[in-house]
Structure formats: C-alpha cells, structure tokens
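Enquirer: predicted model, plus sequence, below.
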Amino acid sequence: MIEAVKFWNEPNNKSHWAFEIDPEWRIYAEMVKQSAEAVKAENPAVLRVLGGISPIDPHFIKTLEKHGALENMDAVAVHGFPLDWNLWSIHDWPAKIAEIEAVTHLPVWVTEVGVSTFGAEEVQEFGLRRTAELLLGRVDRIFWYSLYDLPQAWEATTRHREAEGSSYYRHFHMGLLREDGTPKLALKHFSDYTPEMGICQWFHFEDHRLEAAVDWLRKLGVKKLRTGLSWADWLRPDAEQWFDKMMKALEEFDLTVTFCFTPEAKGVQPHHTSPPQNITEFADFCSEMMRRYAR
C-alpha cells in the first residue's frame, strides 16, 4: 500500500539534481507543483512529501516555499549521515530537525539516515542505537538506509566521487546485511526499533535481491518501507513487468515511494539528474504510477 509519495531524491544535492541548469530550483519547484496536483487528483489520501534534502538546509526549504512548491505538501524530508559525510555530530540530530521546523509549519520526516561499516561494524551498531535514541518519538517517520550493502560491482549514485576520495567507498557499506546477505552486528538490534523505524531500500531494475529482502523485512518486523520508482526505468523494455513484480512483492508494507530520475532522452542534458525538457511529462509519469499502484 502506498502511504506517501516523494517528489525526487535529494534535489539540493548535485548527485541527484543538476542545479547548474536550475540554480534557483525554479524548474524543480514547478515540477513539484504540477506533480503534486497530479498525485492529489488521482488519490488525495496519499501523503505528498518534498524530496528529502541533503545537506539539511533551511534556506532551500525557504526557497521552495517562496516558489510555491510547498502548497500541496504534507511533509518535508531530510537526509543525514553524520558519521560518514556530514560536518556535524550525530548528537546534533535534534538541532538539525529544529532548524527545518523553524522555517516551515510542515512535519519533518527523516527519510534517510544511516551509518556505514566502512571502518568497523561497531560504528554502525553505535550509530543505530544513538539514532533511535535521538529520533524515535521526535519525528513522524524515520527510514534507516539501508537493508543491503550496495554490490561492489555496481556504481554508487554520486557526482562527488573525486571530492569524496576514500569516503566514496562508504556508499558500498551502508547495509545491515552484507552484499552476500549475511548479517552485520547492528542487524540483531534493528527489531528493537520496529515498527516505528522503517527501512529505505532502493531496488535496481530487475534487482535479484527483491524476494530475499522481503523475507528479511518481515523477520525484522518492518512495516514502513521507502523505495523508488524510476521514470528513467519506466522507458526500458519490460518495465511494466518489473514494476508490477516489485510493487506486488512490497504491497504488504506501508510504502513511501520516491518518483525520480529523468530518462536521458527527456532531459535538458542526457543524464538522469537533469531537469526534464518538459516537466509535464514527469507529472504524467506520477499520475500513471498512482493509477497503477495507488488505487
């Protein structure tokens, strides 16, 4: 069941939105406004959430509000990784939430928070416990990123690789499970925090981990799951078959679904982070996903 939809992922991060094309986020704001109207028209009961921001930046929220993009939103969302990439302490989580609450009346969701095991599994074990202490009961939704490690043979979705240096490799160690499906130390604690804490797990096109992931989510007592439906993937051959299979497998969870990623042929630039040439086509994609999976 789709509980909520999000419009894009990390729109203030160059890894996910080419803001050199859209420096004041006017295109993004118009795209959100059209898409929110489209989603509302299909099913007004589904919550509408602004794309989770990373870094956590009150100025960005104020900018989007000035452009009118928050008018049909039910929540805004933030992402934070203070033990891996952010320049603030894990203990600052309440203060970071308060920074956003100070500039909007909308609830603040934490739709990605996680800790890599790049240095040691014990760091993730500590980070999970401390995150739960700080955020459970403080915000309405928390999604731990992620269930699985990103396979080493895949590429991390980032445009900061050169700047990240060795930290780039942290992207591959965010899971509670290793790539081969074996548990890490923090996994045994996760069920202490469910169902209040959800999981964010992105499934790639025809992802071989889908069935095993569902089994683990059940074992962990997860009820709330965040994942994505990619506009770019929707134009692949056999996309309907894969999308239907994935959404059928996940229908027992309360889903927060992120609509994102521009098909290369539809972008101002031929890249999935590019603003679309025609923002109405993205809104049409949102409508189609709602009709197919949220009725």
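Expert: Looks like it arrived, so ask away.
Enquirer: show the pLDDT at Val110.
Expert: At Val110, the pLDDT value in this model is 98.
Enquirer: what helices or strands is the biggest helix by length in the chain leaning on?
Expert: Secondary structure of the chain per DSSP state H: the longest helix is helix 26-42. Counting contacts by 3 or more CB pairs under 8 Å, 6 or more residues apart in numbering; DSSP states H and E, helix 26-42 packs against strand 2-7, strand 47-50, helix 58-66, helix 279-293. All C-beta atoms are positioned from the backbone trio N, CA, C, and that covers glycine.
Enquirer: give me the distance between it and the centre of its chain.
Expert: Distance of helix 26-42 from the chain centroid (CA atoms, centre = their mean, to the nearest Å) equals 18 Å.
Enquirer: cool, stretch 105-123 as well?
Expert: Distance of stretch 105-123 from its chain centroid, counting by CA atoms, centre = their mean, is 12 Å.
Enquirer: tell me the buried residues in that stretch?
Expert: 106-118, 121, 123 (16 or more other CB atoms under 10 Å).
Enquirer: what does stretch 44-52 give?
Expert: Val46, Leu47, Arg48, Val49, Leu50, Gly51, Gly52.
Enquirer: does the fourth one touch Asn72 like I think?
Expert: No. The pair Val49 / Asn72 is not scored as a contact, 10.8 Å apart, by CB atoms under 8 Å.
Enquirer: hang on, the earlier thing: of the helices and strands packed on helix 26-42, which is nearest Trp231?
Expert: With CB to CB as the criterion, Trp231 lies closest to helix 279-293 of the helices and strands packed on helix 26-42, at 4.7 Å.
Enquirer: Arg292: how many residues sit nearby?
Expert: Arg292 has 14 neighbours, counted by other CB atoms under 10 Å.
Enquirer: so what's it up against?
Expert: Arg292 is in contact with Phe243, Asp244, Met247, counting by CB atoms under 8 Å, 6 or more residues apart in numbering.
Enquirer: which ones among the residues you listed lie within helices?
Expert: Counting by DSSP H, these contribute Phe243, Asp244, Met247 to helices.
Enquirer: how about the last one, nearest residue that isn't a chain neighbour?
Expert: Read it as Met247. By the measure of CB to CB, 6 or more residues apart in numbering, the closest residue to Met247 outside its immediate chain neighbours is Tyr293, 5.0 Å from it.
Enquirer: next up, the contacts around the one you found.
Expert: Going by CB under 8 Å, 6+ apart, Tyr293 touches Ile2, Leu229, Phe243, Met247, Val257.
Enquirer: kindly reformat the helices and strands packed on helix 26-42 as a markdown table containing distance to Ala163 and mean pLDDT.
Expert: Formatted as a markdown table, those follow (distance: least, CB to CB, whole Å; pLDDT from 0 to 100):
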| stretch | distance to Ala163 | mean pLDDT |
| --- | --- | --- |
| strand 2-7 | 26 | 98 |
| strand 47-50 | 26 | 98 |
| helix 58-66 | 20 | 98 |
| helix 279-293 | 29 | 98 |
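Enquirer: of all these, which one comes closest to Trp234?
Expert: Trp234 sits nearest to helix 279-293 of all those, at 6.3 Å, using CB to CB.
Enquirer: can you pull the buried residues of that closest one?
Expert: Quick answer for helix 279-293 (16+ other CB under 10 Å): Ile279, Phe282, Ala283, Phe285, Cys286, Ser287, Met289, Met290, Tyr293.
Enquirer: which of the residues you listed lies closest to Leu210?
Expert: Tyr293 (15.4 Å).
Enquirer: show me where the protein has its strands.
Expert: 2-7, 47-50, 76-80, 108-113, 142-145, 197-200, 224-230, 254-260 (DSSP state E).
Enquirer: could the ones you listed be laid out in a markdown table, adding distance to Arg130?
Expert: Output for these, formatted as a markdown table (distance: least, CB to CB, whole Å):
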| stretch | distance to Arg130 |
| --- | --- |
| strand 2-7 | 25 |
| strand 47-50 | 25 |
| strand 76-80 | 12 |
| strand 108-113 | 11 |
| strand 142-145 | 12 |
| strand 197-200 | 13 |
| strand 224-230 | 20 |
| strand 254-260 | 23 |
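Enquirer: nearest to Ser35, of those strands?
Expert: Across these, Ser35 has its closest neighbour in strand 2-7 (5.3 Å, CB to CB).
Enquirer: run through who's touching stretch 168-187.
Expert: Stretch 168-187 is contacted from outside by 84-85, 114-118, 121-122, 124-125, 127-128, 144-152, 156, 158, 160-161, 190, 209, 212, 216, 220, using CB under 8 Å, 6+ apart.
Enquirer: good, we can wrap up now.
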